[in-house]
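[1] Output the structure for:
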Amino acid sequence: MRLRIDGCDVSMDLSAGPTFGAVLAGAGRKVASEGRVVSRIVADGREISTRFEREMADRPAGEIDTVEITTTTPDVLFREALDGAVDLSLAIRRDAVSILASLRAGDPAAAGPRYAACIESLGTFFQLAGAVFNAIGTGVFPLAVRPGSARELPTPPDATSGILQRLLRTQKANDWNAVADILEKEILPNIDGWSAFFKALQEIGAE
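    Here you go, the predicted model:
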């Protein structure tokens, strides 16, 4: 397997074992030692998502021809994550409001295609939201309030975990009134809370 980081060939670290996951772990350590973070992984021309990375972790490194890793700085990645989270939250809100209108009108069929896309987006958003918040807490993302500043770090919404599961359970039971209630009373307030959280972080970073 050929490993390239930011366009340069790099010798592979196989000390943890000759697997795809071990190679990525070694590359991650190298990148971190230089004060950078991994922003994109492409294996044999295919971009690797977090889920696919986990699925490929035990695959022998010899089965993969080339892995291209692109890096960036924590600050740039943080700004990109915040911008993406705000944009996604607004898109989900628009879809949820449209779906809710169809369900309240007693027309779940009209909500069907948009609902399926919204569920997928919600899953992505909640993963992104959790990752950003955890990265702040662990210091991966460089956000801090200056000493003496009146501004404090905002608090993210509570009770995010489980909302999507409840929504899927009510959908599976074909209880569309309950689906509408969860969208209106849980999903929309939670999305609004996360959107406000991310916008507040953007304002802090812009100071």
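
[2] Sketch out the strands for this structure, chain order is fine.
    Listed in chain order, the strands of the chain (DSSP state E) span 2-5, 8-10, 37-43, 46-47, 66-72.

[3] what number of residues lie near the closest residue to Ile163 other than its chain neighbours?
    In space, Ile163 comes closest to Glu186 once its chain neighbours are excluded; the distance is 5.1 Å by C-beta to C-beta, 6 or more residues apart in numbering. Placement of C-beta: from N, CA and C, glycine included. In terms of burial, Glu186 registers 17 neighbours under the definition other C-beta atoms under 10 Å.

[4] so how far is stretch 122-142 off the chain centroid?
    When C-alpha coordinates are averaged (C-alpha atoms, centre = their mean, to the nearest Å), stretch 122-142 and its chain have centres 7 Å apart.

[5] Where in this structure is the helix or strand with the lowest mean pLDDT?
    Across the helices and strands of the chain, mean confidence by mean pLDDT, DSSP states H and E is lowest for helix 50-56: a mean of 70.

[6] For the spatially most central residue of the chain, which residues are in contact?
    Central residue check for the chain by C-alpha atoms, centre = their mean: the C-alpha nearest the mean position is that of Leu128, 2.3 Å away. Applying C-beta atoms under 8 Å, 6 or more residues apart in numbering, we find Leu128 in contact with 81, 84-85, 88.

[7] Show me what counts as buried in stretch 176-192.
    Neighbour counts over stretch 176-192 (16 or more other C-beta atoms under 10 Å) mark 176, 178-180, 182-183, 186-188, 190-191 as buried.
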